[in-house]
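Peer 1: give me a 3D structure for the following:
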Amino acid sequence: MSSLANNIGLSIFTLLNRVISGSVVYIVLTRLMSLNDFGVLSFGTTLAGLLIVVAEFGFSLMAQRDIPQNRFDFKDYIFNTFIQKIGFSTVSLLGGLLYLHLFFEGLNYTIGVVFVVNAIVTANNMYLFAIFRSKNMFKVEAWLSAVYTLAIIVIIALYYILELDITFIAYGLLVARVLQFVIIACIYAFKFTLKARYSREIQKYLFKNSFSFGAHYIIGIFYFSIDNQLIAYYCGNEALAIYQAVFKVVLILLSVSALLESVFLPYLSAKYSSSDIGFRSITTLINKVIITLGLCLFVGFNLFANEIITMLYSERYIAGLTIVLPLGFVLLFRMLSMVYSILLTISDHQNIRVLIVSISLILNVCLNFIFIPKYGYVGAAYVSLVTQFVLALSYIFFSYKYLQSFLLNLKMLFFGLFTVGLVLTKNYFNLQIDFIYSVIIMIVWMLLLFFVYNRKQLREVVGLVRREF
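Peer 2: Reported below is the predicted structural model:
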C-alpha cells in the first residue's frame, strides 16, 4: 500500500501540473494578450468554474468519503452515481447557455459557450480522478495532469507562433480536456470492469446525501467566484483582468490547500473515530502543520507582492497591489479552516457545512452588489476577506461543538496572532521594504518556528507522512 508520503509526492507532482496549466499559462497569456482579451478569457474560465460545481455536485467529495469506508459495492456505487451526474450535467449546460443568452453578446458570448462545454467535460474528469484517489491510486491523476499540461503548452506555443486569436485558446483548452477525459475513461475501463447494476438503495442514498455535498460544493464556489462575473458586468474586462491577475497568484498558493485536502480527506475518513484519542492527536498535528504552512504563505505573499506582480505581469498590473492584503487574508483563512471542514464532512455533519456556506453566500452576494459597483475589484477583495473570516470561524465553532476540541494549542495561537500583527503593521504604516530586507524578515520568521515545534513534534510529523494509507 502507498504511504502518505508517496501520495503527497504524487499529489505535489499533480499540483505542479495544475499550477502550470491553471495559473502559469494564464500568467504567460497576460503578457501576450491585451488587457481586454485577458479579461474575456478570465470571464470564460470563471464562468466554467461556476458551472463545473453544478455538474459535479459534490460527488467527488462524497466519493472520497464513501469509497474508503466501503459503504456500498464499489462498481455499483460508481454506476449509480454517474446516472445522477447526467442530470446535473444537463442542468449545468442549459443554465450556462441561458445565462450567456440573457446577459452577454459578442466575443464574451462566443468564448462563454466554449467554456460552458469545457465545464461539463472537466466535471466528469474531476469525478474520475476522485475515484482513483479514493482507491489509493494517485498515480493516475499525476500522469494525466502532465498530459493535460503538455497539451496546453503546445496550444499556447501555436497561439504565439501563428499569431492566432483568443478563440483558438478557448477551443484548444476544450480539446485538451476532451483528450484527458478519453484517456482516463479508458484507464478506468481497464482497471475496473464496467459490469454493474442499478440499485434503488444506492439511488436513495445518493438522493438523500448528495444534496448536502452538492449544495455545499456549489455554494462554496459561487461565493468565491461570483464576484468575477459581477466585476465583468459592472466594471468591464480590464478591471476583471487586474483582479484575476492577483487572484491567480492566490490560487497558485491555494493549490497547496487543495493538494493537502485531497490527501488527508480519504486518510482521515478511513481513520475517523470521534472517541479515539489517537485520532484527535493525529488530527491536531495535521492541523498545526497546515496552519503553519498557511501562515508562511500569508507572510511571503505580503512581503514579496510587489516583486511577484511586476515580475509575472509587468507594470500594467501594478494596480493589483491594492488588493494584496485582503486576498492574503483570504488565503490564510482558507488554510485555517481546511481541517475543520474535513472533520465536519467525515463525521456526517455535511449538512452543517451546507448551512455555513449558505450563510456565507448570502453575505457575499449582498455585500458584492453593494461594494463592487462603488469600489470595483477592491471592494470585491475586501468582501471576500469578510466572507472567508465568517466561514473559518463557523467551521471552527461547529467542529468544537461536535468534537470538543479546537485542535490548537496556545503556543500556535499566539504565534499566529504575532504573524498577523506583523503583516498588519507593515500595511498600516505602508512600509516599503526592499527585497533583501524582506528575505531577512522571512528567514527570521521561519526560525521562530523552532519555538513553536519541539523535536518530538517534528519526529511525529515525519512519522505521520511515512505511515501507510
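
Peer 1: restrict stretch 329-337 to CA atoms and write it as PDB.
Peer 2: Taking C-alpha atoms only, stretch 329-337 is exported to PDB below (Å, rounded to 0.1, in the frame of the first residue of the first chain):
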ATOM      1  CA  PHE A 329      -6.200  37.000   4.400                       C
ATOM      2  CA  VAL A 330      -8.500  35.000   2.100                       C
ATOM      3  CA  LEU A 331      -5.500  32.600   1.600                       C
ATOM      4  CA  LEU A 332      -4.900  32.400   5.300                       C
ATOM      5  CA  PHE A 333      -8.500  31.800   6.300                       C
ATOM      6  CA  ARG A 334      -8.900  29.100   3.700                       C
ATOM      7  CA  MET A 335      -5.900  27.200   5.000                       C
ATOM      8  CA  LEU A 336      -7.000  27.700   8.600                       C
ATOM      9  CA  SER A 337     -10.400  26.200   8.000                       C
END
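
Peer 1: quick one: residues in contact with that stretch.
Peer 2: 250, 253-254, 256-257, 290-291, 293-295, 297-298, 301, 381, 384-385, 388-389, 391-392, 395-396, 420 (Cβ atoms under 8 Å, 6 or more residues apart in numbering). From N, CA and C alone the C-beta is placed, and that goes for glycine too.

Peer 1: any idea which residue is closest to the centre of the chain?
Peer 2: residue 258 (5.2 Å; Cα atoms, centre = their mean).

Peer 1: what's the next secondary structure element after the host helix or strand of that residue?
Peer 2: Assigning secondary structure by DSSP states H and E places residue 258 in helix 237-271. Downstream of helix 237-271, the next assigned helix or strand under DSSP H and E is helix 277-303.

Peer 1: how close does the residue nearest to the centre of the chain sit to residue 439?
Peer 2: 28 Å (Cβ to Cβ, to the nearest Å).

Peer 1: cool, residue 39 as well?
Peer 2: Taken as Cβ to Cβ, the span from residue 39 to residue 439 is 34 Å.

Peer 1: which one's more surrounded, these two?
Peer 2: residue 39 (25 against 13; other Cβ atoms under 10 Å).

Peer 1: that one: which element?
Peer 2: Using DSSP H and E, residue 39 falls in helix 35-56.

Peer 1: that helix packs against which elements?
Peer 2: Using 3 or more Cβ pairs under 8 Å, 6 or more residues apart in numbering; DSSP states H and E, the elements in contact with helix 35-56 are helix 25-32, helix 74-103, helix 106-134, helix 166-191, helix 200-235, helix 237-271.

Peer 1: for the closest residue to residue 452 other than its chain neighbours, the count of nearby residues, please.
Peer 2: In this structure, residue 452 finds its nearest non-sequential neighbour in residue 415, 5.1 Å apart by Cβ to Cβ, 6 or more residues apart in numbering. Counted with other Cβ under 10 Å, the neighbours of residue 415 add up to 19.

Peer 1: run through who's touching the one helix or strand residue 415 maps to.
Peer 2: Residue 415 belongs to helix 410-428 when elements are defined using DSSP H and E. Here helix 410-428 makes contact (Cβ under 8 Å, 6+ apart) with 288, 291-292, 295, 298-299, 302-303, 325, 328, 332, 431, 433, 445, 448-449, 451-452.

Peer 1: repeat that with 6 Å
Peer 2: The contact list for helix 410-428 (Cβ atoms under 6 Å, 6 or more residues apart in numbering) reads 288, 295, 302, 325, 452.

Peer 1: any idea which helix is longest in the protein?
Peer 2: Counting residues, the longest helix in the chain under DSSP state H turns out to be helix 350-403.

Peer 1: that one vs helix 237-271, what angle?
Peer 2: Here helix 350-403 runs at an angle of 60 degrees relative to helix 237-271 (axes from the mean of the first three to the mean of the last three Cα atoms, to 10 degrees).

Peer 1: which elements pack onto helix 350-403?
Peer 2: helix 200-235, helix 237-271, helix 324-336, helix 338-346 (3 or more Cβ pairs under 6 Å, 6 or more residues apart in numbering; DSSP states H and E).

Peer 1: so for residue 180, which of the ones you listed sits nearest?
Peer 2: helix 237-271 (17.1 Å; Cβ to Cβ).

Peer 1: quick check: residue 65 touching residue 269?
Peer 2: Yes - with contacts counted by Cβ atoms under 6 Å, residue 65 reaches residue 269, the gap being 5.0 Å.

Peer 1: counting neighbours, go ahead and name the busier of these two.
Peer 2: residue 65 (23 against 19).

Peer 1: from residue 53, how far off is the more buried one?
Peer 2: 17 Å.

Peer 1: the closest residue to residue 249 other than its chain neighbours: neighbour count?
Peer 2: Sequence neighbours aside, residue 308 is the residue nearest to residue 249 in space, at 5.9 Å (criterion: Cβ to Cβ, 6+ apart). Using other Cβ under 10 Å, the number of residues around residue 308 comes to 18.

Peer 1: swap in residue 171?
Peer 2: 16.

Peer 1: return the distance of it relative to residue 363.
Peer 2: Plainly put, residue 171 is 38 Å away from residue 363 if you go by Cβ to Cβ.

Peer 1: try residue 99
Peer 2: Noted for residue 99: a distance of 22 Å to residue 363, by Cβ to Cβ.

Peer 1: what of residue 270?
Peer 2: Between residue 270 and residue 363 the computed distance is 34 Å (Cβ to Cβ).

Peer 1: with residue 152 instead?
Peer 2: Counting by Cβ to Cβ, the gap from residue 152 to residue 363 is 35 Å.

Peer 1: higher neighbour count, the two?
Peer 2: Ranked by neighbour count (other Cβ under 10 Å), residue 152 and residue 363 place residue 152 first, with 22 against 16.

Peer 1: helix, strand or coil for the more buried one?
Peer 2: Under DSSP: H, G, I helix; E, B strand; the rest coil, the three-state class of residue 152 is helix.

Peer 1: so it touches residue 25, yeah?
Peer 2: Yes - using Cβ under 6 Å, residue 152 is in contact with residue 25, at 5.5 Å.

Peer 1: for stretch 315-324, buried residues please.
Peer 2: Within stretch 315-324, the residues that qualify as buried are 316-317, 319-320, 323-324, counting by 16 or more other Cβ atoms under 10 Å.
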